[in-house]
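Engineer: Turn this into a model:
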Amino acid sequence: MDTDLSPLDDAANRPVLRLTPGRDRRVKAGHPWAFSNEVAMSPAMRALPPGSPVRLEGDDGQKYGTWLFNPHSLIAARRVSPDPGMVMGEAFFRTRLGECMALRDRLVGAPYYRLVHAEADGLPGLVIDRYGDALALQANTAGMERATPLIVAALRHLMAARVIVARNDSAVRGLEGLKEESGLLLGEDATARVREGGLEFSIDLLSGQKTGWFFDQRDNRAKVAALAQGASVLDAFCHTGGFGLLAAQAGARQVTLLDRSEPALGLAMDTARRHGFGDIVTARRGEALETLERMVGAGETYDIVVADPPAFAKSRKDHPAAMRGYAKLARLAAMLVAPGGFLFMASCSHHVSPGDFTDAVAQGIARTRRHARLLATTGAGMDHPVHPLLPESAYLKGLLLHLPA
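Structural biologist: Just a heads-up that it's a prediction; the model follows:
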């Protein structure tokens, strides 16, 4: 029988990290982060390995629990537990991950979901997506990187996992001093399938975008599919075809998938053929914005256009360019919508607010001299919870619009 792995540290002798005088207001209010200018960086604390568990205390001695500390990061400490003496071992991760699993099973009802969504689930910087017996894990903080063996052991205890993939290729890892890398943590076959809306999609956990599938758009795909009976549909930036193929399943008469990734389009067409509607689905490979311009020039129109691009703003300095990009995309997409049709646009840029995104889309549509009705403003599904004091982590923004003429 497997024995538990050793905890991350000796909880009884855990070092104490102190907040500087007058800098405890945010932490005292429940914020899960302490910034480097809010804590006392003594030589002993600077020497701690990144990701070390610490006890966080105010300068008055008030205890704030167990936090994960990185002396080299702007976000110096991230809260894990209100208990300053909790043992951060395999049993802790079994309990915390088990709670996450129970919630998602209740919310989604099938084992295809975002299992862990970082701070909102009390596991700062950790993202795990579940595809039945396959899991994709992304550790974006030094603490979760150090804890990965414990997390893998806990997952193996909780479920009969066939494969666990590390998708640690996010640029945000650089802020924690971590390398970008991906690989297998368990198993040998990184392919998987995800079931949604009556379809079974083929995905590649290692080479696909992000963690292989975008669970955050589940509810938005259902909204678009509900409008698709008898419609022609363009799914731009389609990845493995979630929006377009679910529209086909819902009765669309014709679907065009557009993406620059040949492997992603190949997986999408495999899904279409397996479900018997390969004859109504067409794949176009190309850079989306360039291809959309050509399609506008050719006079093409569709009853439904979906534009779900990668993040246009990966840092604050990208914000002006991102606003221009979203306005241009909205203009091109709107010109491809037939009179009386629908446009769904999304942004996954953390650094573009919902209001800014709506403004950019409205400006783009206005340049086409078309009227639009905003039917729904959407976000991520419930398996992507948000910490109430980290509203910026609600990254996904979606707009469903009707263009009558």
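Engineer: any chance you could map the helices in the chain?
Structural biologist: Using DSSP state H, the helices of the chain run over 25-28, 43-46, 90-108, 142-158, 218-225, 242-249, 262-274, 288-297, 319-335, 354-366.
Engineer: now the angle between helix 142-158 and the third one, please.
Structural biologist: In this case it means helix 90-108. 70 degrees (axes from the mean of the first three to the mean of the last three CA atoms, to 10 degrees).
Engineer: okay, the angle between helix 90-108 and helix 218-225?
Structural biologist: Using the same axes, to 10 degrees: helix 90-108 against helix 218-225 is 20 degrees.
Engineer: Okay, buried residues for helix 90-108 please.
Structural biologist: 90, 92-94, 96-97, 100-101, 103-104, 108 (16 or more other CB atoms under 10 Å). Placement of C-beta: from N, CA and C, glycine included.
Engineer: List just the one of the helices of the chain that sits closest to residue 391.
Structural biologist: helix 354-366 (10.0 Å; CB to CB).
Engineer: list the helices and strands that closest one packs on?
Structural biologist: Contacts defined by 3 or more CB pairs under 8 Å, 6 or more residues apart in numbering; DSSP states H and E place helix 354-366 against helix 319-335, strand 337-347, strand 373-378, strand 397-403.
Engineer: sorry, back to before: any chance of the helices of the chain in JSON lines, plus distance to residue 74?
Structural biologist: Listed next are the helices of the chain as JSON lines, based on distance: least, CB to CB, whole Å:
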{"stretch": "helix 25-28", "distance to residue 74": "14"}
{"stretch": "helix 43-46", "distance to residue 74": "15"}
{"stretch": "helix 90-108", "distance to residue 74": "25"}
{"stretch": "helix 142-158", "distance to residue 74": "13"}
{"stretch": "helix 218-225", "distance to residue 74": "32"}
{"stretch": "helix 242-249", "distance to residue 74": "35"}
{"stretch": "helix 262-274", "distance to residue 74": "34"}
{"stretch": "helix 288-297", "distance to residue 74": "33"}
{"stretch": "helix 319-335", "distance to residue 74": "19"}
{"stretch": "helix 354-366", "distance to residue 74": "23"}
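Engineer: List of residues touching stretch 24-37?
Structural biologist: With CB atoms under 8 Å, 6 or more residues apart in numbering as the test, stretch 24-37 has contacts from 17, 19-20, 23, 38, 56, 58-60, 62, 64, 67, 73-79, 119, 124, 387, 389-390.
Engineer: Now that we have those residues, which of them are buried?
Structural biologist: 17, 19, 23, 38, 56, 58, 64, 67, 73, 75-79, 119, 124, 387.
Engineer: Pull up the pairing partners for the worst-scoring helix or strand of the chain on mean pLDDT, direction included.
Structural biologist: Scoring the helices and strands of the chain by mean pLDDT, DSSP states H and E places strand 199-204 at the bottom, with a mean of 91. For strand 199-204, the paired strands and their directions (DSSP bridges) are strand 191-196 (antiparallel).
Engineer: now the angle from the strand it pairs with to helix 262-274?
Structural biologist: Using the same axes, to 10 degrees: strand 191-196 against helix 262-274 is 60 degrees.
Engineer: Pull the CA coordinates from strand 191-196 and hand them back as CSV.
Structural biologist: Extracted in CSV, the C-alpha atoms of strand 191-196 (Å, rounded to 0.1, in the frame of the first residue of the first chain):
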residue,chain,number,x,y,z
THR,A,191,-5.0,12.2,-25.8
ALA,A,192,-8.4,12.5,-24.2
ARG,A,193,-12.1,13.1,-25.0
VAL,A,194,-14.6,15.5,-23.4
ARG,A,195,-18.3,15.1,-23.6
GLU,A,196,-20.5,18.2,-23.9
